[in-house]
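> Would you be able to build a 3D model of this:
(2 chains)
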2 protein chains.
Amino acid sequence: MKPTLRIAFVGFGHVGRRFADLLRGPFGRALRAAGVRPIVTGIATARHGTAVDARGLSASRAAALTRAGKPLSTLHRAPEVASVTAFIRQVPADVLIEITTLEPRTGEPATSHVAAALRRGLHVVTANKGPVAFARRRLRRLAARHGRVFLHEGAVMDGFPIFNLVERCLPGVQVLGFRGVVNATTTRILSAMEKGVGFEVALREVQQAGVSEADPRNDIDGWDAAVKACAIANALMDAQLRPQDVRRQGIAAITATDVLAARARGERLRLVARGRRVGRQVRLSVAPESLADGDLLAARADGALVLETDLMGEIGLSEGPGGVEQTAYALLADLIEISRAHRGRGVRPRRVRRSGRASG
Amino acid sequence: MKPTLRIAFVGFGHVGRRFADLLRGPFGRALRAAGVRPIVTGIATARHGTAVDARGLSASRAAALTRAGKPLSTLHRAPEVASVTAFIRQVPADVLIEITTLEPRTGEPATSHVAAALRRGLHVVTANKGPVAFARRRLRRLAARHGRVFLHEGAVMDGFPIFNLVERCLPGVQVLGFRGVVNATTTRILSAMEKGVGFEVALREVQQAGVSEADPRNDIDGWDAAVKACAIANALMDAQLRPQDVRRQGIAAITATDVLAARARGERLRLVARGRRVGRQVRLSVAPESLADGDLLAARADGALVLETDLMGEIGLSEGPGGVEQTAYALLADLIEISRAHRGRGVRPRRVRRSGRASG
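Numbering: from 1, shown residues only, chains lettered A, B, ... in the order given. You can find the predicted model right below:
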């Protein structure tokens, strides 16, 4: 019989709910094909409470409840869980999916959640860029020390496998630098301005489309792109940088005149994140650039990344209109990788205390 | 001690020689890091003869000799080898690198070489599209039956890891279709024509740059793109098609007027290969298309491919100016994968008859 893979969620927003929906269909099939039987044993949220059930709870019912603004308590089958910290310590799980709302200035609470779960001996998957940008090396070492896996494919460019591509498909290659358009909000604002729409109107449209966060300042001032640049550099160039180290300029000062003048030159303004090796260091920057029409970064895409490598020249990666579903897929892809590790010890599963006994 | 990985080449043109040069440097380091000690034990060519040396020969000297138009016989330390067929049967090797000049209408002699090597129990790496387009499923099964690996990353888009990406980084994903610009010769001709250069002049420039084959008809009439479309469909969509099954139209009928009219519309003409699932079948076509400037396939690149998937939406892949070095890298990447399999049985290597005894 297939070993059970017990999945717990911290955070359960759009991505988590979409994952839950797809777990009943193609995601569940893909995990069973990878040799495990997935069950969801816990969900901890800030606004909808917590549910824990060691025998497995209905993730799609949890998605329906939270979508309706209702608490998860009706699915809870365990002693009370005092906090998210207690949840991470107690939930009867093999892997934690960390998808809380990120405070992009600090990388928290995601970074602390990931560390706590790894210390407890859980595998961790996150779609949060914070832990990768602020603490990747420390978290990877923590994972290795506990014989667990820490993966984060969804952190940048939704589900596009940029991290796994370099790790699994470009052996022996060194990434010398990169340039990327990695913030969808600014790309969409600048695209709209090319059609003559004003900045404020363009911003409102993007917010209404659900692409931008409620507070778009982190997008506009380039902070989101800086955090992603750090995540890319730390993961693909073995850097140890933090978003504070990125030379950063946003798009707030760009006017309709600037955008239209670029178009008249056959160019497009985009917020470009760049990284390059300078000696033994990696330098990062985020700033608006005027790109020629033939440039991959100016092509119609929600995100695009060009890696400059030593042995393979330029590698261009771009995603179509991305979003919740693609990020949910990134969680799946990472879980499938973890399933392989988990399956290996599936015959004699590690004993984990049930939350009931642990908190009793 | 690291197990030895004995490499033999059939075909030793630009790609093979570049590989040989790099084997002394970064490629050798990458293979040793993958846990093996690479040696080249044989090279068979059509124009420069054959060299076999069970203790390992100098690949960089072989490269220098063939570049100078000299025969390889001075490096030969074994009984005479009667033919390429005999070479494949006898060469004391663990893996065969198949990089002969392809007859793109038949996929030969590459397909026969790959089959013969797999039947003998060698791993096989090829950068030839022929075996993938004409016989992938059969060759994969042959490899599996003999417990060996057959890889072909260099067959399409030089070294860009399109095959490995889907296999290793998109688990659970089904490729529903693709569209790609996969023939560099036609892209360069059409780009030159956009600048007002005539077809014949553009073709000559491309030939002089060494991008096109000596006989460019297979590029111009879309056959090369059709063979690559087949390779993509067979490998990524589990199809069993042959180039003859591709609906095909080349670029010979395209005039300067057509190209400039497209530019006036803000578009670019490109030779586009397409594949899509229709029911349980896969339909393939190659034809010129007029692409909007914002389209990834119209962006400045030697090759670009957009995969349409079920769970991950659109995946855009593009390479920078590609060529011999990138294709050589594809051979390396595949060899590293094989090294992992080889290392596992490195302590007790399979006994292979020496060429000397086998032919004696």
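> lowest-pLDDT helix or strand in chain A?
Comparing every helix and strand of chain A by mean pLDDT, DSSP states H and E singles out helix A:355-359 as the least confident one, with a mean of 35.
> What's the local residue count around the residue of the stretch 1-150 of chain A found nearest chain B?
Residue of the stretch 1-150 of chain A nearest chain B, by C-beta to the nearest C-beta: A:Ala30 (3.0 Å). Where C-beta positions appear, they are placed from N, C-alpha and C, glycine not excepted. As a burial measure, the neighbour count of A:Ala30 was computed by other C-beta atoms under 10 Å in any protein chain shown and equals 22.
> contacting residues for it?
With contact set as C-beta atoms under 8 Å, 6 or more residues apart in numbering or on different chains, A:Ala30 has these partners: A:Leu332, A:Ile336, B:Pro171, B:Gly172.
> A:Leu332 too?
Shown in contact with A:Leu332 (C-beta under 8 Å, 6+ apart): A:Phe19, A:Leu22, A:Phe27, A:Ala30, A:Leu31, B:Pro171, B:Gly172, B:Leu311.
> Out of these, which comes closest to A:Glu200?
Closest approach to A:Glu200 among the contacts of A:Leu332 (C-beta to C-beta): A:Phe19, at 34.4 Å.
> Which pLDDT value goes with the closest one?
According to the per-residue confidence, A:Phe19 scores 98 in pLDDT.
> before we move on, what SS does it have?
The three-state label for A:Phe19, taken from DSSP: H, G, I helix; E, B strand; the rest coil, comes out as helix.
> any idea how far A:Ser339 is from it?
Distance check for A:Phe19 against A:Ser339: by C-beta to C-beta, to the nearest Å, it reads 15 Å.
> Show me what stretch A:207-227 is in contact with.
Outside of stretch A:207-227, the residues within contact range by C-beta under 8 Å, 6+ apart are A:104-105, A:107, A:129-130, A:133, A:182-186, A:188-189, A:203, A:206, A:243, A:246, A:248-252, A:271, A:273, A:284, A:286-287, A:323.
> quick one: buried residues of it?
By neighbour count on 16 or more other C-beta atoms under 10 Å in any protein chain shown, the buried set for stretch A:207-227 is A:207, A:211-212, A:216, A:218-227.
> Surely A:Thr111 is in a helix?
Yes: residue assignment for A:Thr111, taken from three-state DSSP, places it within a helix.
> Let me know whether it touches A:Ala133 as I believe.
No: taking contacts as C-beta atoms under 8 Å, A:Thr111 lies outside contact range of A:Ala133: 9.2 Å.
> more crowded one of those two?
When A:Thr111 is set against A:Ala133 and neighbours are counted by other C-beta under 10 Å, the residue ahead is A:Ala133, at 29 against 24.
> so what's the more buried one up against?
With contacts defined as C-beta under 8 Å, 6+ apart, the neighbours of A:Ala133 are A:Gly107, A:Ala155, A:Val227, A:Lys228, A:Cys230, A:Ala231, A:Asn234, A:Arg242, A:Pro243.
> If we use 7 Å, what do you get?
If a contact means C-beta atoms under 7 Å, 6 or more residues apart in numbering or on different chains, then A:Ala133 has A:Gly107, A:Val227, A:Cys230, A:Ala231, A:Asn234, A:Arg242, A:Pro243 as its contacts.
> got it, and A:Lys2?
Applying C-beta under 7 Å, 6+ apart, we find A:Lys2 in contact with A:Arg32, A:Gly35, A:Val36, A:Arg37.
> Now, of those residues, which are buried?
Listed as buried from the contacts of A:Lys2 are A:Gly35, A:Val36, A:Arg37; burial here means 16+ other C-beta under 10 Å.
> tell me which residues of stretch A:232-242 are tucked away?
Result for stretch A:232-242 [16+ other C-beta under 10 Å]: buried residues A:Ile232, A:Ala233, A:Asn234, A:Ala235, A:Leu236, A:Met237, A:Ala239, A:Leu241, A:Arg242.
> nearest to B:Ile7, of these?
Each of these was checked against B:Ile7 using C-beta to C-beta; the closest is A:Leu236, at 29.1 Å.
> Which residues are in contact with the closest one?
The contact partners of A:Leu236, taken as C-beta under 7 Å, 6+ apart, are A:Val166, A:Val175.
> now do 10 Å
Residues touching A:Leu236, when contacts are defined by C-beta atoms under 10 Å, 6 or more residues apart in numbering or on different chains, comprise A:156, A:162-163, A:165-167, A:170, A:173-175, A:178, A:275, A:282, A:305, A:307, A:309.
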